[in-house]
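>>> Predicted coordinates and the sequence they were generated for:
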2 protein chains.
Amino acid sequence: MKRFRVAVHIVPRKGLLDPQGKAVAGALHTLGFSSVGDVHVGRHLVIEETATDAAHAERSVREMCTRLLANPVTEDYEIASVTPA
Amino acid sequence: MKRFRVAVHIVPRKGLLDPQGKAVAGALHTLGFSSVGDVHVGRHLVIEETATDAAHAERSVREMCTRLLANPVTEDYEIASVTPA
């Protein structure tokens, strides 16, 4: 069994409202960053996981996303990376 | 001027408490994911930015992080990627 570090991005589903992103974009414009367009705000999770190999670690984290971490109605998730810890 | 999509990770500074990560790790253990170790929860931002080149886009986003997006006392940020939009 080896230790892996799995990074996950959980973001608001495309086409749904992203009020936090809109708020950040507005604040950046107010500060003078006029070249900013849309901003999207999601979560970045790093999960330390013990597994036999990287494929198992990734599969396990996908199950965590489905069962707990991501809201299936409003959010999408993607595994950003799986690296040995 | 070209459009870029800059992805940023903002995470609790190492060594500081990460209560949200601890809560997620506890919930995963309760659900039966016993192979999970530490969990770290941060933010994942995607900023659409108009700039002359990727280096300028990245520099501009670094300034946004310093001035607004990351708390300099408790958080670290890193530019995860700069891609043409």
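That came through, no problem. These figures come from a predicted structure and were not determined experimentally.

>>> Can stretch A:39-47 be said to contact chain B?
Yes - for stretch A:39-47, a contact with chain B is found by Cβ under 8 Å from any Cβ of the partner chain, at A:39-47. Yep, even glycine has a C-beta here, placed from its N, CA and C like the rest.

>>> Where neighbours are concerned, which of the residues you listed has the most?
Of all these, the highest neighbour tally under other Cβ atoms under 10 Å in any protein chain shown goes to A:Ile47, namely 29 neighbours.

>>> And whichever helix or strand that residue is part of, what does it pack against?
Using DSSP states H and E, A:Ile47 sits in strand A:36-51. Contacts defined by 3 or more Cβ pairs under 8 Å, 6 or more residues apart in numbering or on different chains; DSSP states H and E place strand A:36-51 against strand A:2-12, helix A:19-30, helix A:54-64, strand B:2-12, helix B:19-30, strand B:36-51.

>>> Now it: average pLDDT?
Mean pLDDT, strand A:36-51: 96.

>>> Enumerate the residues of chain A near chain B.
So chain A meets chain B at A:3, A:9-11, A:24, A:27-28, A:31, A:33, A:35-51, A:60, A:63-64, A:67-69, A:80 (Cβ under 8 Å from any Cβ).

>>> how about a cut-off of 7 Å?
A:9, A:11, A:27-28, A:31, A:33, A:35-51, A:60, A:64, A:67-68 (Cβ under 7 Å from any Cβ of the partner chain).

>>> how about stretch A:32-39: buried residues?
A:33, A:35-36, A:39 (16 or more other Cβ atoms under 10 Å in any protein chain shown).

>>> Among those residues, which pair sits farthest apart?
A:Ser35 and A:Val39 (12.1 Å; Cβ to Cβ).

>>> what pairs with A:Ile47 across the strands?
Beta-bridge partners recorded for A:Ile47 (DSSP bridges): A:Val6, B:Val39.

>>> I'd say it and B:Val36 touch.
Yes - with contact defined as Cβ atoms under 7 Å, A:Ile47 reaches B:Val36; the gap is 6.2 Å.

>>> Where does the residue of chain A most remote from its centre fall, secondary structure wise?
Centroid-distance maximum for chain A: A:Gly32 at 27.8 Å, with Cα atoms, centre = their mean. Here A:Gly32 is covered by no helix or strand, with elements defined by DSSP H and E.

>>> From B:Ser60, how far out is it?
11 Å (Cβ to Cβ, to the nearest Å).

>>> A:Gly37 too?
Taking Cβ to Cβ, one finds A:Gly37 at 12 Å from B:Ser60.

>>> so what sits against both of these two?
B:Glu49 (Cβ atoms under 7 Å, 6 or more residues apart in numbering or on different chains).
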